[in-house]
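K.L.:
here is a sequence with its predicted model. Questions after.
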Amino acid sequence: MVLIKNLFRTAALVLAFVLITGVLSGCGKNKPGETASTKPENTAQTEETGLLKLPYSKSEPFNPFKVKSLVGIQLSALIYDSLFRTDSSYKPVAVIAKSYMQGGLKLTVEIKTGLTFSDGEALDADDVVYSFEKAHTSPAYAGHLSNIGSAAKSSEYSVVFFLKNQDPYAVNCLDFAVVKYLDSDDSPLGSGRYILTDSKGDKYLKANEARLGGFFPSIKKILLVNVSDSDILSYSLQIGSLSFIFSDLRNGDIKRMKASILKADMNNLVYLSFNSSSPVLKTAGVRRAVSMLIDRKALAAQAFQGYSNAAYSPFNPAWISDFGFTVKTDKTHAVLLLRKAGFSKINSSGIRYNSSGNELEFTLLVNKDNIFKREAASQISSQLSETGIKVNINELPLNEYTSAVKRGDYDMYLGEVMLNPDMNLSPLLSAGGSASFGIDTKESTACAAYKKFLDGKLEIKEFIDAFNADTPFMPICYRCGMIAFDRSLSIPQSLNTSDIYSEIGSWSFVKTQS
């Protein structure tokens, strides 16, 4: 069998997902860490108590390279391991990998020896290369791997990845599932924390105690419950059909429920973009002043109902928390910048203007279907009006909003983009970037500084200083998702969406007082 497997291996061929809109039509007032109650239609419990019940969709195969739903992608992380994952600070954590070394456009990864798939067969470099080639064009991983052109085996336990462009944090993107070489197309074997099993027509996950030399969780068995529509996840939790659910709040549907509630950090940047072709906003000093006048903390706490973290740089605050970057609201400094740009007078309508007759009156484009961002736009308008800047809000339905952004029919717009785990800002700061609307990527000093940063010619603080001086767009916050779970379930209080099950080994059921 080993010879046959090797012959097959010898013969084998060796979405960036951008959320410009992130539609958030929210209702309800659940804050992170709080709970709320409602009376569900049916509060009957399932016949098995103390059994963890997680959602899945039977319409999708248990194949990490074919699943498209968020539920399916997250469930794959329990069945399949990856070379690396990122922790709550978006730092790389080795899983299958032993170590890595990056030089130029080559990223070499050494794999741990002695690892096996759930059938006991060894995991090696052939499996990793095979999995990369499947992942490279898959719905779940194509975006993360878009800057990696190819991978090649360099030894039995070593793989070289070849980058298209410089990226000092490319290792963070090696989070794709690793499956057994040439295994089943519907449910290939993995080496993950749990093994997929069938019992009397039901699907379960059972603990893979041989995983990485030993995995002995408190919860050894998980029942998978088919949920055909993600819109009924919260209802399924309410009636006891599910124990744990996650919502990325894409539609802002914050349901009130009788459950424990936590927020989970995401890598979704919400930002205010400026139209660089505007006669006024082409001036960096004016953009910088606008940024200094907006209270990010108030927007994060109020407009997004606490499900976001204020951002004081273009990078995720969890990732650069060690640097302590802060951009304070500073009305005095902002007014000085506006005066320096020539806007020292205020007319009878309370609007600043310069000697050429240009007024600080702008149109802010926002998605009408997104209540969170509509509220953010309202607060931005109110905050800027205090300094003589008038903002007229143009609310359009999603399709019309997207078209207007592409046409450049705005002075400013509220956007959102999901960044890859390497924190790469190329969607915003590179020519042709999928979220670079309104930004003059050829002339922007921030774009030039970012290229130097990627090439290793600037430190991160130097880049952020250059970014703030230019302010091609204003970071507002990084959005969070919501986790809701049965009150009898004890789980860690800090979770992130790189792997919402990252600490499942320590989950347990506790007795609750009646």
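P.N.:
Here it is on my side, so go on.

K.L.:
going forward, measure contacts between C-alpha atoms and count neighbours the same way
P.N.:
OK.

K.L.:
helices along the stretch 1-150 of the chain, start to end?
P.N.:
Remark: helices assigned in the stretch 1-150 of the chain by DSSP state H, counting those that start in this stretch are 2-11, 70-79, 125-135.

K.L.:
looking at these, which has the lowest confidence?
P.N.:
The stretch with the lowest mean pLDDT among the helices of the stretch 1-150 of the chain is helix 2-11, at a mean of 39.

K.L.:
which strands and helices lie in contact with the longest helix seen in the chain?
P.N.:
Counting residues, the longest helix found in the chain (DSSP state H) is helix 371-385. With contacts defined as 3 or more Cα pairs under 8 Å, 6 or more residues apart in numbering; DSSP states H and E, helix 371-385 has these neighbours: helix 284-293, strand 361-367, strand 390-396.

K.L.:
tally of neighbours for the nearest residue to residue 105 once chain neighbours are set aside?
P.N.:
Leaving aside its chain neighbours, residue 105 sits nearest to residue 163 (4.8 Å; criterion: Cα to Cα, 6 or more residues apart in numbering). As a burial measure, residue 163 scores 19 neighbours (other Cα atoms under 10 Å).

K.L.:
can you list phi and psi of residue 163 for me?
P.N.:
Torsion angles at residue 163 (phi, psi; degrees, to the nearest 10) stand at phi -80, psi 150.

K.L.:
strands of the stretch 201-350 of the chain, start to end?
P.N.:
202-207, 221-226, 244-247, 260-274, 308-310, 345-346 (DSSP state E, counting those that start in this stretch).

K.L.:
okay, angle between the fourth one and helix 284-293 too, please.
P.N.:
On the basis of axes from the mean of the first three to the mean of the last three Cα atoms, to 10 degrees, strand 260-274 is oriented at 160 degrees to helix 284-293.

K.L.:
direction included, what does strand 260-274 pair against?
P.N.:
Using DSSP bridges, strand 260-274 pairs in its sheet with strand 412-418 (antiparallel), strand 473-485 (antiparallel), strand 495-496 (parallel).

K.L.:
what's the answer for the fifth one, then?
P.N.:
The strands beside strand 308-310 in its sheet (DSSP bridges) come out as strand 473-485 (antiparallel).

K.L.:
could you list the residues in contact with the helix or strand following the partner strand?
P.N.:
As assigned by DSSP states H and E, the chain's next helix or strand after strand 473-485 is strand 489-490. Residues from elsewhere that reach strand 489-490 (Cα atoms under 8 Å, 6 or more residues apart in numbering): 243, 507, 508, 509, 510.

K.L.:
for residue 195, give me its contacts.
P.N.:
79, 118, 205, 206, 207, 208.

K.L.:
where does it sit, in terms of helix or strand?
P.N.:
Per DSSP H and E: residue 195 is located in strand 194-199.

K.L.:
kindly calculate the angle that that strand makes with strand 221-226.
P.N.:
70 degrees.

K.L.:
quickly run through the sheet partners of strand 194-199, with directions.
P.N.:
Note on strand 194-199: by DSSP bridges, its sheet partners are strand 202-207 (antiparallel).

K.L.:
how distant is the strand it pairs with from the center of its chain?
P.N.:
28 Å (Cα atoms, centre = their mean, to the nearest Å).

K.L.:
over to stretch 118-132?
P.N.:
Remark: stretch 118-132 is offset 27 Å from the chain centroid, using Cα atoms, centre = their mean.

K.L.:
only the buried residues of it, if you could.
P.N.:
Within stretch 118-132, the residues scored as buried using 16 or more other Cα atoms under 10 Å are 118, 123, 124, 125, 126, 127, 128, 129, 130, 131, 132.

K.L.:
of the contacts of strand 489-490, buried ones?
P.N.:
With burial judged by 16+ other Cα under 10 Å, the buried subset of these is 243, 507, 508, 509.

K.L.:
rebuild these as a markdown table, extending it with distance to residue 460, pLDDT and secondary structure.
P.N.:
A markdown table is the format used below for the buried ones among the contacts of strand 489-490 (distance: Cα to Cα, whole Å; pLDDT from 0 to 100; DSSP: H, G, I helix; E, B strand; the rest coil):
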| residue | distance to residue 460 | pLDDT | secondary structure |
| --- | --- | --- | --- |
| 243 | 42 | 96 | coil |
| 507 | 37 | 95 | coil |
| 508 | 40 | 93 | strand |
| 509 | 43 | 92 | strand |
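
K.L.:
from residue 140, how far off is residue 128?
P.N.:
16 Å (Cα to Cα, to the nearest Å).

K.L.:
give me the mean pLDDT for stretch 259-271.
P.N.:
Rounded mean pLDDT across stretch 259-271 is 94.

K.L.:
so how far is residue 233 from the residue nearest to residue 105?
P.N.:
Counting by Cα to Cα, the gap from residue 163 to residue 233 is 39 Å.

K.L.:
how about residue 197?
P.N.:
The spacing between residue 197 and residue 233, counted by Cα to Cα, is 23 Å.

K.L.:
more neighbours, those two?
P.N.:
When neighbours are counted by other Cα under 10 Å, residue 233 comes out ahead of the other of residue 197 and residue 233, with 19 against 12.

K.L.:
for the residue nearest to the more buried one when sequence neighbours are not counted, give its distance to residue 222.
P.N.:
Spatial nearest neighbour of residue 233, excluding adjacent residues (Cα to Cα, 6+ apart): residue 245 at 6.7 Å. Distance, residue 245 to residue 222, by Cα to Cα: 14 Å.

K.L.:
those two: which is more packed in?
P.N.:
More crowded of residue 245 and residue 222, by other Cα under 10 Å: residue 245, with 21 against 18.

K.L.:
thought residue 500 was touching that one, still the case?
P.N.:
No. Contact criterion Cα atoms under 8 Å: residue 245 and residue 500 do not qualify, at 10.0 Å.

K.L.:
pLDDT weak spots in the stretch 201-350 of the chain?
P.N.:
252-253, 322-328 (pLDDT under 70).

K.L.:
mind giving me the domain ranges of this protein?
P.N.:
The chain breaks down into these domains under automatic domain parsing: 62-197, 265-479.

K.L.:
of all those, which lies closest to residue 55?
P.N.:
domain 62-197 (6.8 Å; Cα to Cα).

K.L.:
and that closest one, how far out from the chain middle?
P.N.:
The gap between where domain 62-197 is centred and where its chain is centred comes out at 18 Å by Cα atoms, centre = their mean.

K.L.:
phi, psi for the residue of the chain positioned farthest from its centre please.
P.N.:
For the chain, the residue at maximal distance from the C-alpha centroid (Cα atoms, centre = their mean) is residue 348, at 45.3 Å. When read as degrees, to the nearest 10, the backbone of residue 348 gives phi -70, psi -20.

K.L.:
from residue 363, how far out is it?
P.N.:
Relative to residue 363, and taking Cα to Cα, residue 348 is found at 20 Å.

K.L.:
what's the answer for residue 123, then?
P.N.:
Where residue 363 is concerned, residue 123 sits at a distance of 57 Å (Cα to Cα).
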